[in-house]
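Asker: Just a sequence and a predicted model for now, questions to come.
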Amino acid sequence: APAENLIDEQMAKLRPAAADKSAKIAIADNAAPQLRRHGELLLDQSQAPPGYELYSVSYAADNILIDDVCASGADVLLVEPKQLRSQVIARLTTLAGGNYES
């Protein structure tokens, strides 16, 4: 039985973290299918820029969501939470060779 418990403990460590956080993102038409699949189209589209649709996307880790948004370029805009939006802007600014202060 102790070996089974050890195996169960190790398997639990390999499971992905639960997506217990939510972000509001704007996705350009027909872009970022991976984010669309993990999101839910919002009924209130008032914050969506023209040519974009607002989604609520569940995620587990800030850095992974930031990576996904940055990798999508101008096709994805992180609207909320503001703290993550600032981190996306800072990373993209750094990648472009500029300086960003929130």
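Answerer: Sure, I can see it.

Asker: and N5, how many neighbours?
Answerer: Here the count is done by other Cβ atoms under 10 Å, and N5 has 9 residues near it. Quick note: C-beta positions are derived from backbone N, CA and C, even for glycine.

Asker: Now the element after the strand or helix carrying it, going C-ward?
Answerer: In this assignment (DSSP states H and E), N5 forms part of helix 2-14. Following helix 2-14 in sequence order, the next helix or strand is strand 21-28 (DSSP H and E).

Asker: Name the strands paired with that following strand and say parallel or antiparallel.
Answerer: Strand 21-28 pairs in its sheet with strand 52-59 (antiparallel), strand 76-80 (antiparallel), by DSSP bridges.

Asker: mind putting the ones you listed in JSON lines, distance to N30 included?
Answerer: Converted to JSON lines, these look like this (distance: least, Cβ to Cβ, whole Å):
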{"stretch": "strand 52-59", "distance to N30": "10"}
{"stretch": "strand 76-80", "distance to N30": "12"}
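
Asker: Quick check: which ranges of the chain have low pLDDT?
Answerer: 1-3, 12-13, 15-17, 99-102 (pLDDT under 70).
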